[in-house]
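# pasted the sequence and its predicted model underneath.
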Amino acid sequence: MSIANIPEIYIKKAKETPDLFVYDLKMNTDMARSKVNLSMNMFSFLQLGKKQVYFADTSLAVNPEQSLLLKKGRWLWTEFLDTETHYFCKLLFFSEKKLIDFLNKNSMYEHPNRLEKSYFIIENDAYITSYLNSLNSLDVTSSDFVNNLLPIKFEELMHYLLHKYGNPFRTYLQSLISKESSEFRKVVENNVHSNLKLDEIAFLCNMSISTFKRHFISEYKVSPGKWFRNRRLQRAKDLLQEGTHKSSDIYLEVGYSSLSNFSIAFKNKFGINPKDI
């Protein structure tokens with residue numbers, strides 16, 4: 001039995017996996033038990049048919065009255081037509097980065113907890129039905145419009161489920177964040193405005209510089225050099241705009257070893273000299 005890498009097998013023409021991705025899984029025959037390597041967390045909104053999911057310690061049968069939020073990992077599942085002639089399941093994938101961004105934006109980010117449950121059951125209701133209908137309408141719109149709207153639709157769903165299930169859902173979201181990701185981001189965020197070099201931050205992460213760069217791009221979707229430079233220069237601009245600091249006061253604080261290097265980088269970024277702020 002081969003292993004299906006999901007959502008990679010559903011993504012066409014994309015050079016890399018997007019942070020948000022919707023896929024309509026439609027079949028007209030039963031699918032035997034499949035080995036699945038799920039590389040992103042996934043909402044599974046079953047519309048027609050039945051689904052059986054096997055975890056390390058249990059199994060779960062799902063019908064169209066329920067939906068699932070599945071944690072990324074390796075699972076087995078079987079999909080049945082039941083009494084219908086078609087099987088239809090709408091899948092919404094989201095990256096760990098997108099989840100962390102949402103939690104940070106809503107002041108809910110904490111260290112991951114020890115909850116080991118691999119799934120969260122969602123009872124479908126009128127709101128969920130309306131939400132899925134709105135996702136269906138995206139199929140007839142331009143890709144640019146979809147790319148701009150999908151993050152908003154993702155946040156809408158998350159806010160509704162937080163409203164519906166409260167703390168149990170919030171706790172489950174926290175459990176989706178891997179400890180490795182949390183610790184890595186903690187080291188990075190704590191050194192945004194330090195004057196440490198990348199190889200020194202990599203050392204604090206217990207990584208070689210090459211591994212650190214690969215991991216950083218996977219987490220932040222941008223090179224570490226560009227990310228740190230932009231964050232530090234924006235911090236410098238904010239401090240200068242307060243009117244109580246001079247370039248000579250802050251260049252070390254925002255990670256530059258010399259005033260001249262800071263001034264050049266600042267002008268390249270914002271088009272003006274820091275002294276002109």
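Yep, it's here. Computed from a predicted structure; not experimentally measured.

# from now on I want contacts and neighbour counts done on CA atoms only, so please keep to that.
Fine.

# gap between the lowest-mean-pLDDT helix or strand in the chain and the chain center?
Lowest on mean pLDDT, DSSP states H and E among the helices and strands of the chain sits helix 179-190, with a mean of 79. Helix 179-190 sits 15 Å away from the centroid of its parent chain (C-alpha atoms, centre = their mean, to the nearest Å).

# packing partners of that helix?
helix 198-204 (3 or more C-alpha pairs under 8 Å, 6 or more residues apart in numbering; DSSP states H and E).

# what about Pro92, neighbour count?
Slight slip there: residue 92 is Leu, not Pro. 20 (other C-alpha atoms under 10 Å).

# tell me the secondary structure for it?
strand (DSSP: H, G, I helix; E, B strand; the rest coil).

# residues of the longest helix anywhere in the chain that come out buried?
Ranked by residue count, the top helix of the chain under DSSP state H comes out as helix 143-165. Buried positions in helix 143-165, judged by neighbour count with 16 or more other C-alpha atoms under 10 Å: Val146, Leu150, Pro151, Phe154, Met158.

# show me what it is packed up against.
So helix 143-165, by 3+ C-alpha pairs under 8 Å, 6+ apart, packs with helix 167-175.

# all helices of this structure, in order?
96-105, 126-136, 143-165, 167-175, 179-190, 198-204, 209-220, 224-241, 247-250, 259-270.

# can I get the ones you listed in CSV with distance to Ala56?
Formatted as CSV, the helices of the chain follow (distance: least, C-alpha to C-alpha, whole Å):
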stretch, distance to Ala56
helix 96-105, 22
helix 126-136, 29
helix 143-165, 25
helix 167-175, 17
helix 179-190, 20
helix 198-204, 34
helix 209-220, 27
helix 224-241, 36
helix 247-250, 53
helix 259-270, 50
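
# for Arg232, what are its contacts?
Contact partners of Arg232, counting by C-alpha atoms under 8 Å, 6 or more residues apart in numbering, are Val192, His193, Val254, Gly255.

# just the angle between the least confident helix or strand of the chain and helix 209-220, please?
If you take axes from the mean of the first three to the mean of the last three C-alpha atoms, to 10 degrees, helix 179-190 sits at 100 degrees to helix 209-220.

# could you check the angle helix 96-105 makes with helix 179-190?
Angle between the axes of helix 179-190 and helix 96-105 is 50 degrees (criterion: the same axes, to 10 degrees).

# list the buried ones in helix 179-190?
So for helix 179-190, counting by 16+ other C-alpha under 10 Å, buried means Ser181, Ser182, Phe184, Arg185, Val188.

# how about stretch 12-31?
Pro18, Leu20, Phe21, Val22, Met27, Asp30.

# can you put those residues in JSON lines and add distance to Leu99?
Listed next are the buried residues of stretch 12-31 as JSON lines, based on distance: C-alpha to C-alpha, whole Å:
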{"residue": "Pro18", "distance to Leu99": "13"}
{"residue": "Leu20", "distance to Leu99": "10"}
{"residue": "Phe21", "distance to Leu99": "13"}
{"residue": "Val22", "distance to Leu99": "16"}
{"residue": "Met27", "distance to Leu99": "30"}
{"residue": "Asp30", "distance to Leu99": "33"}
